[in-house]
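A.B. asks: only the shape, not the letters, is given here:
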């Protein structure tokens with residue numbers, strides 16, 4: 001399409017150098033071309049419905065991809081829960097060798113769960129907490145701490161911190177004698193500009209990065225100070241330590257006997273969350289398909305009104321890109337066909 005536009009522009013430029021007699025002949029053509037390009041309203045309406053149906057088809061396709069991954073996660077979680085039950089029975093029986101084999105199996109299942117990252121047309125559909133991503137909700141943040149660096153520690157001397165994150169750099173000035181609370185208020189907007197939120201737990205300062213900022217953090221955070229909280233001289237990479245939420249499989253302790261019950265409870269809660277999401281999506285799918293199959297298209301609005309509420313329900317769960325269904329052809333062929341669309345685009 002872009003190539004065609006470029007060729008059209010070249011033709012227009014060449015036409016400007018034609019002789020006046022030729023230009024006069026061309027000047028009489030716009031009215032003819034306009035008549036040729038005049039498209040009946042019903043065809044425009046048909047094309048509009050076709051374009052809308054294509055977008056809706058993508059929405060349905062993406063939610064199907066997400067649904068498949070959620071069902072797969074649910075199955076893996078069920079297997080993991082059963083393995084941990086066997087581990088507990090082995091612990092009670094005092095048999096060590098089978099326990100190691102079961103723990104290896106549990107870890108393999110955990111890695112399969114972590115590896116579930118469904119995408120549709122390059123768009124992420126689930127985050128690392130098994131949340132369905134929508135156009136109005138962002139992925140869950142990635143929490144971490146800086147090891148051996150306490151930016152809100154009270155010091156007797158002021159310090160200027162140089163911070164480099166990817167291509168972005170900031171200078172943080174930390175006054176002398178400020179309390180933790182005051183320093184936290186001071187640096188919060190600076191990290192906010194890097195898409196990182198801060199939370200003081202009373203024991204450590206938690207950094208919560210967006211998905212994009214987390215990629216930069218994983219690539220490396222560089223800092224340089226003046227000898228108070230950080231060494232002076234040159235920028236150096238700061239080590240980080242992730243802090244996982246209980247909904248993240250990487251947080252579950254699958255080894256310590258005293259933590260196995262807690263991990264099983266977290267797995268059960270995650271299963272319940274996934275089951276609820278899959279049930280809601282499946283209900284919307286079925287409602288939408290029933291409405292489309294039962295609808296008799298009489299005009300351009302009837303079918304859209306029948307399916308509109310169900311499609312809006314899907315948009316709550318998915319970004320406006322996603323999945324294939326028989327619904328596309330049923331709607332698209334209501335008042336148009338390939339030849340009509342081809343003629344319109346031509």
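C.D. replies: Here it is on my side, so go on. Since we're looking at a predicted model, the values are computed, not measured.
A.B. asks: report how many residues lie close to residue 68.
C.D. replies: By the criterion of other C-beta atoms under 10 Å, residue 68 has 15 neighbours. For every residue, glycine as well, the C-beta is placed using N, CA and C.
A.B. asks: need the contact list for it.
C.D. replies: For residue 68, the contacting residues are residue 118, by C-beta atoms under 8 Å, 6 or more residues apart in numbering.
A.B. asks: likewise residue 261?
C.D. replies: residue 88.
A.B. asks: how far away is it from residue 81?
C.D. replies: 12 Å (C-beta to C-beta, to the nearest Å).
A.B. asks: can you give me the strands for the chain?
C.D. replies: Under the criterion DSSP state E, the chain contains strands at 119-120, 123-124, 142-146, 159-165, 168-174, 196-200, 205-209, 221-224, 236-238, 240-243.
A.B. asks: what's the closest of those to residue 265?
C.D. replies: Closest to residue 265 of the strands of the chain, according to C-beta to C-beta: strand 240-243, at 19.6 Å.
A.B. asks: the closest one pairs with which strands?
C.D. replies: strand 142-146 (antiparallel) (DSSP bridges).
A.B. asks: for the partner strand, which positions count as buried?
C.D. replies: 142, 143, 144, 145, 146 (16 or more other C-beta atoms under 10 Å).
A.B. asks: closest to residue 171 among those?
C.D. replies: Taking C-beta to C-beta as the measure, residue 146 is the one of the buried residues of strand 142-146 closest to residue 171, at 17.1 Å.
A.B. asks: hmm, residue 221 and that closest one touching each other?
C.D. replies: Yes. Using C-beta atoms under 8 Å, residue 146 makes contact with residue 221 at a distance of 7.5 Å.
A.B. asks: give me the common contacts of these two.
C.D. replies: Common neighbours of residue 146 and residue 221, counting by C-beta under 8 Å, 6+ apart, are 238, 240.
A.B. asks: quick one: low-confidence ranges for this protein?
C.D. replies: 1-38, 42, 53, 55, 91-97, 135-137, 291-346 (pLDDT under 70).
A.B. asks: could you chop the protein up by domain?
C.D. replies: Segmentation of the chain into domains, based on automatic domain parsing, reads 49-136+249-346, 142-244.
A.B. asks: tally of neighbours for residue 179?
C.D. replies: 10.
A.B. asks: residues in contact with it?
C.D. replies: By C-beta under 8 Å, 6+ apart, the residues touching residue 179 are residue 154.
A.B. asks: phi and psi next, for it.
C.D. replies: Dihedral pair for residue 179: phi -70, psi 170, per degrees, to the nearest 10.
A.B. asks: any idea how far residue 153 is from it?
C.D. replies: Separation of residue 179 from residue 153 (C-beta to C-beta): 10 Å.
A.B. asks: mind listing the shared neighbours of the two?
C.D. replies: Joint contacts of residue 179 and residue 153 (C-beta under 8 Å, 6+ apart) do not exist.
A.B. asks: quick one: contacts for the closest residue to residue 148 other than its chain neighbours?
C.D. replies: Closest residue to residue 148 apart from its sequence neighbours, by C-beta to C-beta, 6 or more residues apart in numbering: residue 239 at 7.1 Å. For residue 239, the contact set (C-beta under 8 Å, 6+ apart) comprises 146, 147, 148.
A.B. asks: between those residues, which sits nearest residue 288?
C.D. replies: residue 146 (48.0 Å).
A.B. asks: leaving out sequence neighbours, find the closest residue to that closest one.
C.D. replies: Using C-beta to C-beta, 6+ apart and skipping residues adjacent in sequence, the residue nearest residue 146 is residue 238, 5.3 Å away.
A.B. asks: for the strands of the chain, give me a markdown table that also has distance to residue 63.
C.D. replies: Shown next, in a markdown table, are these (distance: least, C-beta to C-beta, whole Å):
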| stretch | distance to residue 63 |
| --- | --- |
| strand 119-120 | 9 |
| strand 123-124 | 12 |
| strand 142-146 | 25 |
| strand 159-165 | 35 |
| strand 168-174 | 35 |
| strand 196-200 | 29 |
| strand 205-209 | 28 |
| strand 221-224 | 36 |
| strand 236-238 | 40 |
| strand 240-243 | 30 |
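A.B. asks: all helices for this structure, in order.
C.D. replies: Assigned by DSSP state H, the helices in the chain fall at 2-15, 20-27, 30-37, 41-93, 96-114, 180-192, 211-219, 257-294, 302-317, 327-332, 338-345.
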